[in-house]
Structures are given as structure tokens and as C-alpha cells.
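Undergrad: Show me how the following folds:
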Amino acid sequence: MQKVRIDLVSDVACPWCAIGYRRLEQALETLEGEIDVELVWQPFELNPDMPPEGEPILEHLCRKYGKDADTMQQSQREIMAAAEALGLNFRGALERRANNTFAAHRVLAWAGTQHQETALQLALFETYFGEAKNPADPEVLREKAIEVGLDGDTAEAIARSDQYADEVREAEQHFRQAGVNAVPAFILEGRYLISGAQPADVLVDALRQVAEENASG
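TA: Numbering: from 1, shown residues only. Prediction:
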């Protein structure tokens with residue numbers, strides 16, 4: 001069975017990243033027994049300059065995209081419908097605040113050393129879009145770490161410190177230089193970039209193509 005590495009550049013505050021991961025899961029269900037995927041999450045900050053208190057999501061999006069509140073609310077509802085059709089909990093999406101997620105990425109980097117990064121990523125997607133909680137809040141990170149079987153004290157301590165800051169900054173810079181300026185971004189075998197939350201069949205075709213190249217190369 002061929003093995004393919006996917007670097008998934010993502011932010012826990014990105015709705016399309018949650019949707020993109022679920023579509024990847026669908027693709028992997030199709031490819032079960034055919035291709036073995038090594039998934040490595042990589043950090044991206046949608047709002048690197050956001051102050052700790054954040055701001056209401058619609059207010060933030062209106063300013064960011066230069067749209068009126070009704071337009072942005074309709075856009076968000078369409079995203080919520082797409083997410084919920086995939087079984088994702090987006091019930092709190094309109095109540096969430098735009099937050100900086102650097103602390104979350106540092107805790108996720110630690111979770112990766114414990115082989116629990118995917119579980120924590122999914123828990124943070126749910127807490128942000130489903131419960132409208134700040135995914136970078138140290139107490140939220142503690143709660144969600146415990147929920148996925150990690151040590152809550154360690155998660156909170158990392159969130160309140162600068163641990164893993166260098167690793168996260170280095171990864172962010174690397175993928176920016178590789179051409180990633182929006183998320184989600186799927187990088188296959190370090191060679192092919194797929195931008196956006198593509199349908200599962202697009203991911204299936206891309207993974208098969210890369211696997212064939214690996215087999216022949």
C-alpha cells in the first residue's frame with residue numbers, strides 16, 4: 001500500500017478548515033486499503049494581530065471584506081449549512097468572536113508530540129464553532145486537552161507561557177514561503193498544493209495521482 005504525506009495548513013478559527021478536514025476524511029474512507037496517509041497539521045493564523053479580547057465575528061468580517069452585516073450573515077449561514085451537512089457542530093458560529101489563535105497552535109504543537117493533535121484540532125473546531133468559546137483561552141485549552149486524553153495542567157501551562165513559540169513561528173514562515181496565503185491548504189508529499197476545502201473526489205484523485213508517481217518513481 002502506498003503512503004502519502006499530507007501537510008494540512010490550518011487554523012482552528014477557520015470554518016473551511018473544519019469542512020476541508022471532514023472532506024479529507026471522506027476521501028480517506030474511499031481510499032481505505034489503497035493509500036495510507038500520514039497527516040501532519042501545520043499552523044496558520046487568520047488573525048495574528050487580534051487583541052486578546054477579540055471582536056464579534058460579523059463586525060470583524062464586515063470590516064475585513066467591506067461587506068454589510070446582512071451579506072456577511074447570509075454568507076456565514078451558508079458556511080454553517082455546508083458544515084452541518086457534513087455532521088459538524090456549527091451551532092455557535094454566529095456568536096463566536098474573531099480571536100488570535102497563537103496559544104492554540106502552541107498547545108497543538110505539543111499535542112502533536114503526544115500523537116493527539118488531530119483529536120485536539122477537532123475538539124477545538126467544535127468548541128469554537130459549536131460553543132462559541134475562545135480556542136486560545138488557557139482554560140478552554142485545558143478543558144479540551146483533558147477531553148481528548150491529554151494532561152490538562154500541561155496544556156494550560158503551555159498556553160500561559162511561550163513554549164513552542166519558535167516551532168510554530170518557524171512552521172508558519174516555512175509555509176508562507178511555500179506559497180500558502182489562505183487556508184485550508186493541503187500539501188501532498190511536499191510537492192503539490194491543493195488550496196481550499198475541495199470536494200472529497202478531488203482529494204481522492206489527487207492522492208491517487210501522487211501515490212502512482214511515488215510507486216513509479
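
Undergrad: Stretch 166-173 - what's its average pLDDT?
TA: If you average the pLDDT over stretch 166-173, you get 98.

Undergrad: and it, which residues are buried?
TA: 167, 168, 171, 172 (16 or more other C-beta atoms under 10 Å). Where C-beta positions appear, they are placed from N, C-alpha and C, glycine not excepted.

Undergrad: Name the nearest of those residues relative to residue 79.
TA: Residue 79 lies nearest to residue 172 out of the buried residues of stretch 166-173, by C-beta to C-beta, at 24.1 Å.

Undergrad: list the contacts for the closest residue in space to the closest one that isn't next to it in sequence?
TA: If the residues on either side of it in the chain are set aside, residue 172 comes closest to residue 43, at 5.4 Å by C-beta to C-beta, 6 or more residues apart in numbering. The neighbours of residue 43, taking C-beta atoms under 8 Å, 6 or more residues apart in numbering as the test, are 9, 10, 11, 105, 108, 109, 168, 171, 172.

Undergrad: Relative to residue 183, how far out is the third one?
TA: This means residue 11. 6 Å (C-beta to C-beta, to the nearest Å).

Undergrad: Find residues that contact each of these two.
TA: The contact lists of residue 11 and residue 183 share 17, 44, 46, where a contact means C-beta under 8 Å, 6+ apart.

Undergrad: nearest to residue 121, of those?
TA: Checking those against residue 121 with C-beta to C-beta, the nearest one is residue 17 at 8.6 Å.

Undergrad: Next, count neighbours for that closest one.
TA: Residues lying near residue 17 (other C-beta atoms under 10 Å) number 23.

Undergrad: Counting neighbours, which bits of the strand or helix carrying it end up buried?
TA: For residue 17, the host element (DSSP states H and E) is helix 15-30. For helix 15-30, burial by neighbour count (16+ other C-beta under 10 Å) applies to 15-24, 26-28.

Undergrad: could you dump these to a markdown table with distance to residue 153?
TA: Converted to a markdown table, the buried residues of helix 15-30 look like this (distance: C-beta to C-beta, whole Å):
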| residue | distance to residue 153 |
| --- | --- |
| 15 | 31 |
| 16 | 33 |
| 17 | 28 |
| 18 | 27 |
| 19 | 33 |
| 20 | 32 |
| 21 | 28 |
| 22 | 31 |
| 23 | 35 |
| 24 | 32 |
| 26 | 36 |
| 27 | 37 |
| 28 | 33 |
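
Undergrad: Low-confidence stretches in this structure?
TA: Residue ranges of the chain with pLDDT under 70: 217.
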